[in-house]
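what's the 3D shape of this:
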Amino acid sequence: MKDQSVMVAEEGVTPLIREFYQQQEERVHSYRLLEEGHKIYLSTGPNYDFPTFRQLVHDVTQDFKRVSEGIIALEKRMRTEGHVAPANLVAKLQDAEKRKLELTVHLQLSRQMAAENEGGELEEAKVREIRGELGKVVENINDHLADLRYHLHTGE
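Numbering: from 1, shown residues only. So this is what the prediction gives:
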């Protein structure tokens with residue numbers, strides 16, 4: 001038989017964190033679609049198939065919006081139920097994910113410019129710079145996810 005503190009944890013923040021992870025997996029899937037779509041888009045240059053890519057961006061943007069709204073609702077519910085520490089982590093994750101998306105868009109634009117200006121040192125340097133920034137943001141996201149996993153396992 002489980003002790004009462006474990007039962008409370010399962011009824012408390014644990015299902016909310018699990019729901020967050022489901023939403024986060026959907027966000028990761030959307031990033032993969034965006035990345036693959038951008039690779040395909042770049043392969044259509046120099047006469048890019050912009051209408052197809054624009055539709056993909058629209059669809060992925062809608063997915064990001066839906067996931068973000070769901071995560072914001074989870075964060076609010078955590079706060080309402082008194083789970084402040086995990087709610088703060090979710091808020092930090094949302095901020096980091098927003099920055100990741102901004103950098104992803106900048107990286108895609110820089111990649112296109114680098115492809116159009118083959119051998120352009122400035123364009124390639126910009127791609128490397130953005131990749132570096134993106135790596136730091138992803139590391140930050142992973143740190144927050146690890147902290148959230150702690151809350152999942154402790155139920156706090």
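
tell me the average confidence for whichever strand or helix holds residue 68?
Using DSSP states H and E, the element containing residue 68 is helix 50-80. The average pLDDT within helix 50-80 is 96.

can you give me how far the helix or strand following it is from the chain middle?
Note on helix 50-80: by DSSP H and E, the next helix or strand toward the C-terminus is helix 84-116. The chain centre lies 7 Å from the centre of helix 84-116; the measure is Cα atoms, centre = their mean, to the nearest Å.

what does the model give the most centrally placed residue in the chain for pLDDT?
Against the mean C-alpha coordinate of the chain, by Cα atoms, centre = their mean, the closest residue is residue 97 at 4.3 Å. pLDDT for residue 97: 96.

so it sits right up against residue 27, yeah?
Yes - using Cβ atoms under 8 Å, residue 97 is in contact with residue 27, at 6.7 Å. (Each C-beta comes from the backbone N, C-alpha and C, glycine too.)

between the two, which contacts overlap?
Common neighbours of residue 97 and residue 27 (criterion: Cβ atoms under 8 Å, 6 or more residues apart in numbering): residue 68.

any low-confidence regions in the chain?
Across the chain, residues meeting the criterion (pLDDT under 70) sit at 1-11, 155-156.

for the residue nearest to residue 26 when sequence neighbours are not counted, which residues are in contact?
Excluding the flanking residues, the one nearest residue 26 by Cβ to Cβ, 6 or more residues apart in numbering is residue 67, at 5.2 Å. Going by Cβ under 8 Å, 6+ apart, residue 67 touches 23, 24, 26, 27, 30.

repeat the analysis, applying 10 Å as the threshold.
22, 23, 24, 25, 26, 27, 28, 29, 30, 97 (Cβ atoms under 10 Å, 6 or more residues apart in numbering).

and the first one, how many neighbours?
For residue 22, the tally of surrounding residues (other Cβ atoms under 10 Å) stands at 12.

three-state assignment of it?
helix (DSSP: H, G, I helix; E, B strand; the rest coil).

next, find the distance separating it from residue 71.
10 Å (Cβ to Cβ, to the nearest Å).

ok, the residue nearest to residue 90 when sequence neighbours are not counted to residue 61 distance?
Distance criterion Cβ to Cβ, 6+ apart; nearest residue to residue 90, sequence neighbours excluded, is residue 75 at 4.3 Å. Going from residue 75 to residue 61 by Cβ to Cβ gives 21 Å.
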